[in-house]
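Participant: Here's my sequence, what's the structure:
(4 chains)
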2 protein chains.
Amino acid sequence: MNQPRPGRAANTAQRDTDDLFNPVSLARASQAIVDQIRELIQDGQLRAGERLPSERDLCDRFGVSRVTVREALRILEAGGLVTVKVGARGGAYITTPTSDRIGRGIEDYLTMSPSITAVEVTEARLVLELGIVPIVCERATEEDIARLLAMCDEADAAIADGTYTMEMSADFHIAVARLAHNGAIEMLLGPFHRPMLTSLKAAREAAPAMGKLGVKEHRRFVHAVRDRDVPKATELMKAHLERTAARVQRTGAGH
Amino acid sequence: MNQPRPGRAANTAQRDTDDLFNPVSLARASQAIVDQIRELIQDGQLRAGERLPSERDLCDRFGVSRVTVREALRILEAGGLVTVKVGARGGAYITTPTSDRIGRGIEDYLTMSPSITAVEVTEARLVLELGIVPIVCERATEEDIARLLAMCDEADAAIADGTYTMEMSADFHIAVARLAHNGAIEMLLGPFHRPMLTSLKAAREAAPAMGKLGVKEHRRFVHAVRDRDVPKATELMKAHLERTAARVQRTGAGH
DNA sequence: GGCGGCTATTGGTTAGACCATACTTCCAAC
DNA sequence: GTTGGAAGTATGGTCTAACCAATAGCCGCC
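Facilitator: The predicted model follows:
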């Protein structure tokens, strides 16, 4: 187990004296590169918009092959830390993670983790959507409220047409979340809607009547927000969401 | 622009008849592979624990080189959808994303997105931590409460030693969140603590006194939970968090 | 019966090559 | 002079072929 150091490999910063329990191998050069670049970004030594050296340059600097550098870039790209462009003046540009990309990860987790039940997802959503009501009541501008009411009008029209969809309801809730004017909350709440939609679509018995009642509740909620009536808005939203939650529970925990 | 089909490349499922607007190149074979495998996972055709074919097998099946397959695997791995093991019987195993990995993404977003201020992060945390109080009061078992009290005891001891750290406070809050017995909430709340810690550490004037008061508040909160007194527990947690929030705000929005 | 080494499988990495893309430059035609 | 296109160049995307490293499982020796 302690031969004269076999191959190439930038792992296990080898120490000759056999002092006990030395760290045991980083294994995977690409990950080491990722860590290094990630740290540079977090330290602010690389800022959004800046361009990393070309892949071939990075090979020289890190002392690895292009394949390895490219794998590192793929990982960083998957994490939303860089975007890669082709062509002259192409390369890896530092970028700040978008809520979309992170949302995808959260959504994957909510959807695919077997330890997360639909009931839990619903509950978490309830915590978030109720929690923001006071903030929304405080910050919503007249334009914000007008926009929400317009959405209600559209929804009513869609119901009359028979073209109302669950997506429209989800859009309303997302629009409400946006009124908190808090990017962190928006990012957290966004990913909940697709999993909820699939849960609900599986359970859409009596959809038209449901939709009609839902829009009515939406509108009353907007009015409460307009009146800055936090308790009433909270109460309305709670009833609205719990009715939805009941439907999810009735359908069982399946995703 | 319509030569006899230049090279290899499995993109742009070429159609000879020039019917209008054919899809225009997937650009990046590795991404196409990722999409395919991701879909198989979401459809349930690949389940957690199952093993993908070896890289060399996948090359044959997808008709691409090993480099390309490996890039795809790196992306999937970064998203927490597979883990790759080396050696005989190694390979890519389907896994369900862990909250840790997703948390890393959220944390990156909270930390690095310039559009997210520390104030927003604090506010989002407040929404979550207050929102779960009723759930915690309902679900906390005697053992849960005993464990929280034990943490308070340890914290007191650490304060006496002068070894109390912000991490211990964060651990307490994480433990509380765990009592909601809701994986989704736990996943959302976890990532907040590291950004908060760095914000707070930057601002730790008068840390010792601070810590002492904090632990006292923790203990009173646990007592309220034990008594299933939702309003009181909420009130205590709110005061506790808002005191923290005030410190963050005083220090400015810097991350 | 248990232990140690062989072997096969499989991921990790390298090197060098070629193609596709997109920006730059420059020349020629109007 | 302006404009349009052609050549040049930098850069990512992919391929091939090979070797190294880690691991599980088998087999033979003691």
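Participant: Sketch out the helices for the stretch 1-150 of chain A, chain order is fine.
Facilitator: Taking DSSP state H, counting those that start in this stretch to define them, one finds helices in the stretch 1-150 of chain A at A:29-42, A:55-62, A:66-78, A:99-112, A:118-131, A:133-139, A:142-161.
Participant: how about the shortest one: buried residues?
Facilitator: Going back to what we said before, that points to helix A:133-139. Burial within helix A:133-139, assessed by neighbour count using 16 or more other Cβ atoms under 10 Å in any protein chain shown, is assigned to A:133-137. For glycine as for every other residue, the C-beta is placed from the backbone atoms N, C-alpha and C.
Participant: What average pLDDT does that helix get?
Facilitator: Over the span of helix A:133-139, the pLDDT mean works out to 96.
Participant: packing partners for that helix?
Facilitator: helix A:207-226, helix A:230-251 (3 or more Cβ pairs under 8 Å, 6 or more residues apart in numbering or on different chains; DSSP states H and E).
Participant: for those helices, which one sits closest to chain B?
Facilitator: Checking the helices and strands packed on helix A:133-139 against chain B by Cβ to the nearest Cβ gives helix A:230-251 as the closest, at 11.3 Å.
Participant: Is the closest one in proximity to chain B?
Facilitator: No. Helix A:230-251 stays clear of chain B (Cβ under 8 Å from any Cβ of the partner chain), getting no nearer than 11.3 Å.
Participant: Quick one: list the elements packing against that helix.
Facilitator: helix A:118-131, helix A:133-139, helix A:193-202, helix A:207-226.
Participant: That helix to helix A:118-131, inter-axis angle?
Facilitator: In terms of direction (axes from the mean of the first three to the mean of the last three Cα atoms, to 10 degrees), helix A:230-251 departs from helix A:118-131 by 170 degrees.
Participant: Can you give the contact residues for helix A:230-251?
Facilitator: Identification of contacts with helix A:230-251 by Cβ atoms under 8 Å, 6 or more residues apart in numbering or on different chains yields A:118-119, A:122-123, A:125-126, A:129-130, A:133-134, A:136-137, A:196, A:199-200, A:202-203, A:214, A:217-218, A:220-221, A:224-225.
Participant: Repeat the analysis, applying 6 Å as the threshold.
Facilitator: Residues outside helix A:230-251 that contact it (Cβ atoms under 6 Å, 6 or more residues apart in numbering or on different chains) are A:118-119, A:122, A:126, A:130, A:133-134, A:137, A:199, A:202-203, A:217, A:220-221, A:224-225.
Participant: what is the mean pLDDT for that helix?
Facilitator: Helix A:230-251 comes out with an average pLDDT of 85.
Participant: Need the nearest residue in space to A:R147, chain neighbours excluded.
Facilitator: A:A175 (6.9 Å; Cβ to Cβ, 6 or more residues apart in numbering or on different chains).
Participant: low-confidence ranges in the stretch 101-250 of chain A?
Facilitator: A:201-210, A:248-250 (pLDDT under 70).
Participant: how about a cut-off of 80?
Facilitator: Applying pLDDT under 80 to the stretch 101-250 of chain A flags residues A:196, A:198-211, A:244-250.
Participant: Per-residue pLDDT of the residue nearest to A:L81 when sequence neighbours are not counted, please?
Facilitator: In this structure, A:L81 finds its nearest non-sequential neighbour in A:I41, 6.1 Å apart by Cβ to Cβ, 6+ apart. We have a pLDDT of 93 for A:I41.
Participant: repeat for A:N11
Facilitator: Confidence score, pLDDT, at A:N11: 38.
Participant: Need phi/psi at the residue of chain A found nearest DNA strand C.
Facilitator: Using Cβ to the nearest atom of the strand, the single residue of chain A nearest to DNA strand C is A:G87, 2.2 Å away. Note on A:G87: its backbone torsions stand at phi 90, psi 180 [degrees, to the nearest 10].
Participant: Could you report the neighbour count for it?
Facilitator: The tally of other residues near A:G87 (other Cβ atoms under 10 Å in any protein chain shown) stands at 6.
Participant: likewise A:Q42?
Facilitator: Neighbours around A:Q42, by other Cβ under 10 Å: 15.
Participant: Likewise for A:E55?
Facilitator: A:E55, neighbours per other Cβ under 10 Å, totals 17.
Participant: Could you do A:Q36 as well?
Facilitator: Neighbours of A:Q36 (other Cβ under 10 Å): 12.
Participant: what about it, distance to A:R61?
Facilitator: The gap separating A:Q36 from A:R61 is 10 Å, by Cβ to Cβ, to the nearest Å.
Participant: Give me every residue in the stretch 51-200 of chain A lying close to DNA strand C.
Facilitator: A:63-68, A:71, A:85-90 (Cβ under 7 Å from any atom of the strand).
Participant: Out of the residues you listed, who's the most crowded?
Facilitator: Counting by other Cβ under 10 Å, top hit in these: A:E71 with 26 neighbours.
Participant: Ignoring the adjacent residues along the chain, who's closest to that one?
Facilitator: Nearest to A:E71 is A:S30, by Cβ to Cβ, 6+ apart, at 3.9 Å.
Participant: does that neighbour really touch A:T68, like I thought?
Facilitator: Yes. Taking Cβ atoms under 6 Å as the definition, A:S30 is a contact partner of A:T68 at 5.1 Å.
Participant: List the buried residues for stretch A:169-188?
Facilitator: A:169-170, A:172-173, A:176-188.
Participant: Tell me which of those fall in helices.
Facilitator: Those of the buried residues of stretch A:169-188 mapping onto helices are A:169-170, A:172-173, A:176-178, A:183-188, per DSSP state H.
Participant: Any idea how many residues pack against A:V69?
Facilitator: By the measure other Cβ under 10 Å, the count of residues near A:V69 is 25.
Participant: actually A:L148, sorry about that
Facilitator: 23.
Participant: Please apply the same query to A:E242.
Facilitator: 14.
Participant: cool, and A:A157?
Facilitator: A:A157, neighbours per other Cβ under 10 Å, totals 11.
Participant: Distance of it relative to chain B?
Facilitator: 32 Å (Cβ to the nearest Cβ, to the nearest Å).
Participant: how far away is that residue from DNA strand D?
Facilitator: 44 Å (Cβ to the nearest atom of the strand, to the nearest Å).
Participant: and the residue of the stretch 101-250 of chain A nearest DNA strand D?
Facilitator: Per Cβ to the nearest atom of the strand, A:R101 is where the stretch 101-250 of chain A lies closest to DNA strand D, at 16.6 Å.
Participant: In contact with the spatially most central residue of chain A: list those residues for me.
Facilitator: In chain A, the C-alpha nearest the mean C-alpha coordinate belongs to A:G103, at 1.5 Å (Cα atoms, centre = their mean). A:G103 is in contact with A:190-191, counting by Cβ under 6 Å, 6+ apart.
Participant: ok, now with 8 Å
Facilitator: Counted by Cβ under 8 Å, 6+ apart, A:G103 has contacts A:187, A:190-191.
Participant: same question, A:S169
Facilitator: Counting by Cβ under 8 Å, 6+ apart, A:S169 has contacts A:155, A:211, A:214-215, A:218.
Participant: List buried residues within those residues.
Facilitator: Applying 16+ other Cβ under 10 Å to the contacts of A:S169 flags A:155, A:211, A:214-215, A:218 as buried.
Participant: out of those residues, what pair is the most spread apart?
Facilitator: Based on Cβ to Cβ, the longest span within the buried ones among the contacts of A:S169 runs between A:G211 and A:H218 and measures 10.3 Å.
Participant: what is in contact with the two at once?
Facilitator: Listed as contacting both A:G211 and A:H218 by Cβ under 8 Å, 6+ apart are A:155, A:169.
Participant: and A:P114, how many neighbours?
Facilitator: 11.
Participant: show me what contacts A:K212?
Facilitator: A:I159.
Participant: Could you measure from it over to A:V225?
Facilitator: From A:K212 to A:V225 the distance is 21 Å (Cβ to Cβ).
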